[in-house]
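In: Fold the following for me, if possible:
(chains A and B)
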2 protein chains.
Amino acid sequence: MSNPELSRFSINQMTVKQLSLPELVDACLESGVPGVGLWREPVQSYGLEATAKLVRDAGLTVTTLCRGGFFTAIDPAERAEALADNRRAIDEAATLGTDTLVLVSGGLPAGSKDLHGARERIAEALAELGPYAESHGVRLAIEPLHPMYASDRCVVSTLTQALDLAERFPAHQVGVTVDTYHIWWDDTAPEQIARAGAGGRIHTFQLADWTTPLPQGVLTGRGQIGDGSIDMREWKGYVEAAGYTGAIEVELFNDELWARDGREVLAETAQRFVQNVVR
Amino acid sequence: MSNPELSRFSINQMTVKQLSLPELVDACLESGVPGVGLWREPVQSYGLEATAKLVRDAGLTVTTLCRGGFFTAIDPAERAEALADNRRAIDEAATLGTDTLVLVSGGLPAGSKDLHGARERIAEALAELGPYAESHGVRLAIEPLHPMYASDRCVVSTLTQALDLAERFPAHQVGVTVDTYHIWWDDTAPEQIARAGAGGRIHTFQLADWTTPLPQGVLTGRGQIGDGSIDMREWKGYVEAAGYTGAIEVELFNDELWARDGREVLAETAQRFVQNVVR
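Out: So this is what the prediction gives:
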């Protein structure tokens, strides 16, 4: 069934990771969800070609593939392996028919306190991967992660930093991921969204709400849309004013949602999207 | 005993909250620690005048009082109570002989998603409290808290935001707290420290290290100096280049440190300060 209010909605696979890929596809068709953001590990488990056929046959759009990145290693062998793995991720994105690979850039290597050096190593990796991605019709989307992940997951903490990196390369090679969860606190983010839009670098727009208390490890506490502190319409307004007309992906990592029935969570998420983003 | 390498060191009371005030003072004298940052609640429990006499007789400098703030309520009665409580905090700071009251400005009121409005209410409170603080010889030090506290503790997340607020008032009324734990990830912070220093607004400089994984609630995971990702010498260099010559306070909230013998933790912290900050 088609629902015009869901025309831009995409469900990130991680939001309902309890669903197998066939279950996810069925649930999308059932709820009228037209897009999915996929993750490499479950795709590899199900089979890359099989996944590509499954979603293509169902008429679903693959809005992004998550994720490449982890570019901050110093050790040459580790760096070479990271680059090789990112080339494989680009290949997978192309096979799945998505034009966007989301990048989580990596944290500080063990024992290092050098954020600047780590950011420069990201730039070096992008210089190698950008042309490869372009030749496969895939754009790299640097995701600034919330500053609470700066040491262990991603030294790129703001849209400003992400764009400072991305703008060293052509926009059709490298842009950014705008995710409300990571940037909602930042009063400079709206102007950076405008900067990103003017450069054609908003490669994907993702939503999660901010709820507290944060869980141990702070990875699995992303709130359902509408449950937290973020004004989703405001952020949608910023990306639209910047010219973004693409899919809006909801990506939640949330232990409580994962413990529930995945189809129910998908239907709820679509409903929350309509209530808090569309209307 | 006097140790020239500890001449600028101050121990924030919360780092060794397992110590009573007399125990804290004894431990400072024993370890050659010349300064303490105090907290209102334990001071009130021991008695304000009694605490003032205790630290004065011991020859300790009270580098700061923690903390005022929580200015973001919308309800008029709540706002009036917050202002009254902050006037009491200013009185207490003056009685204790410290010139600096640290402010944790407050998060979003329940149900609100309006960060900008909350920040404006902080400015309104500062306009009322600044002259009162000045008349008591106390400076207000807005502390930007890490963005992971933006919703529930402090909508002021960056030094830029703190200075944008502080600069509406005279520097001898309102300045900022520079705390490595909250700003270490921010590549714009060094230039903001220079801005703060040029305006005479670095009212205190505090240290804590960044360690992961963060604990549930993210309040009690501040790392011992040298255990984490922050280059303490680098940040000391920034505040010194900005003209700051005052005390350097170590403020750790850490369950593991609290479970240990407080005197031992104080001695260790002083040693870490010398190893990672002074030498």
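In: okay, CA-based contacts and neighbour counts for the rest of this
Out: OK.
In: now the strands: where do they sit in the stretch 1-150 of chain A?
Out: Along the stretch 1-150 of chain A, counting by DSSP state E, counting those that start in this stretch, strands occupy A:9-12, A:35-39, A:61-69, A:100-104, A:139-142.
In: Give me whichever of the ones you listed is most buried.
Out: Each of the strands of the stretch 1-150 of chain A was scored by mean neighbour count; the highest is strand A:139-142, a mean of 30, by mean count of other CA atoms under 10 Å in any protein chain shown.
In: Any chance you could list what contacts the helix or strand just after that one?
Out: Per DSSP states H and E, the first helix or strand lying C-terminal to strand A:139-142 is helix A:159-166. The set of residues external to helix A:159-166 that reach it, using CA atoms under 8 Å, 6 or more residues apart in numbering or on different chains, is A:123, A:142-144, A:156, A:174-176, A:178, A:183, A:189, A:192-193, A:196.
In: what does the helix or strand harbouring A:P190 contact?
Out: Per DSSP H and E: A:P190 is located in helix A:189-198. The contact list for helix A:189-198, computed with CA under 8 Å, 6+ apart, reads A:158-160, A:163, A:175-176, A:178, A:183, A:202, A:235, A:238-239, A:241-244.
In: and if you look at stretch A:99-119?
Out: With CA under 8 Å, 6+ apart as the criterion, stretch A:99-119 contacts A:63-74, A:89-90, A:93, A:122, A:137-145, A:149-156, A:177, A:203-204, B:185, B:229-231.
In: Which residues of the stretch 1-150 of chain A lie near chain B?
Out: By CA under 8 Å from any CA of the partner chain, the residues of the stretch 1-150 of chain A that approach chain B are A:108, A:111-113, A:115, A:146-148, A:150.
In: Nearest to A:V265, out of these: which one, please.
Out: A:H146 (24.7 Å; CA to CA).
In: A:W184 is in contact with that closest one, correct?
Out: No. Assessed by CA atoms under 8 Å, A:H146 is found out of contact with A:W184, at 9.1 Å.
In: circling back to that earlier point, pipe the residues of the stretch 1-150 of chain A next to chain B into TSV and attach pLDDT and neighbour count per row.
Out: Below are those laid out as TSV (pLDDT from 0 to 100; neighbours: other CA atoms under 10 Å in any protein chain shown):
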residue	pLDDT	neighbour count
A:L108	98	25
A:G111	94	9
A:S112	97	16
A:K113	98	16
A:L115	98	24
A:H146	98	24
A:P147	98	23
A:M148	98	25
A:A150	98	23
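In: Output these in a markdown table, with distance to B:E251 appended to each entry.
Out: Shown next, in a markdown table, are the residues of the stretch 1-150 of chain A next to chain B (distance: CA to CA, whole Å):
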| residue | distance to B:E251 |
| --- | --- |
| A:L108 | 24 |
| A:G111 | 22 |
| A:S112 | 23 |
| A:K113 | 20 |
| A:L115 | 23 |
| A:H146 | 23 |
| A:P147 | 20 |
| A:M148 | 19 |
| A:A150 | 21 |
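In: I'd guessed A:A270 sits against A:F9; true?
Out: Yes. Using CA under 8 Å, A:A270 is in contact with A:F9, at 7.5 Å.
In: what is in contact with the two at once?
Out: A:V33.
In: sorry, back to before: right, and the pair among the residues of the stretch 1-150 of chain A next to chain B with maximum separation?
Out: Greatest spacing in those, by CA to CA: A:G111 and A:H146 (21.1 Å).
In: Just put the strands of the stretch 1-150 of chain A in CSV and tack on distance to A:L83 and mean pLDDT.
Out: Below are the strands of the stretch 1-150 of chain A laid out as CSV (distance: least, CA to CA, whole Å; pLDDT from 0 to 100):
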stretch, distance to A:L83, mean pLDDT
strand A:9-12, 25, 98
strand A:35-39, 18, 98
strand A:61-69, 8, 98
strand A:100-104, 12, 98
strand A:139-142, 13, 98
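In: Of the ones you listed, which is nearest B:G59?
Out: strand A:100-104 (51.5 Å).
In: between that closest one and strand A:61-69, how big is the angle?
Out: 30 degrees (axes from the mean of the first three to the mean of the last three CA atoms, to 10 degrees).
In: how near is A:E234 to chain B?
Out: In this structure, A:E234 and chain B are 10 Å apart, going by CA to the nearest CA, to the nearest Å.
In: ok, now A:G223?
Out: Relative to chain B, and taking CA to the nearest CA, A:G223 is found at 13 Å.
In: which one is that residue nearest to, not counting chain neighbours?
Out: Spatial nearest neighbour of A:G223, chain neighbours left out: A:D209 (4.5 Å); criterion: CA to CA, 6 or more residues apart in numbering or on different chains.
In: list the contacts for the one you found?
Out: With CA under 8 Å, 6+ apart, A:D209 has these contacts: A:180-181, A:222-230.
In: Just put these in CSV and tack on distance to B:V104, neighbour count and secondary structure.
Out: What follows is those, written out as CSV (distance: CA to CA, whole Å; neighbours: other CA atoms under 10 Å in any protein chain shown; DSSP: H, G, I helix; E, B strand; the rest coil):
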residue, distance to B:V104, neighbour count, secondary structure
A:T180, 24, 23, helix
A:Y181, 23, 21, helix
A:R222, 25, 25, strand
A:G223, 25, 24, strand
A:Q224, 28, 25, coil
A:I225, 28, 28, coil
A:G226, 27, 19, coil
A:D227, 25, 14, coil
A:G228, 21, 20, coil
A:S229, 19, 26, coil
A:I230, 21, 26, coil
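In: Quick check: the two most widely separated of those residues?
Out: A:T180 and A:D227 (13.4 Å).
In: Need the per-residue pLDDT for the residue nearest to A:G137 when sequence neighbours are not counted.
Out: Nearest non-adjacent residue to A:G137, counting by CA to CA, 6+ apart: A:D99, 6.1 Å away. At A:D99, the model reports a pLDDT of 98.
In: what does the stretch 151-279 of chain A put close to chain B?
Out: Of all the residues in the stretch 151-279 of chain A, those lying near chain B are A:151-152, A:155, A:157, A:185-186, A:212-218, A:229-231, going by CA under 8 Å from any CA.
In: Please, a PyMOL command that selects the buried ones among the residues you listed?
Out: A single PyMOL command selects the buried members of those (16 or more other CA atoms under 10 Å in any protein chain shown):
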select buried, chain A and resi 151+152+155+157+185+186+212+214+215+217+218+229+230+231
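In: In the stretch 101-250 of chain A, which residue sits nearest chain B?
Out: Relative to chain B, the nearest point of the stretch 101-250 of chain A is A:Q216 (3.8 Å; CA to the nearest CA).
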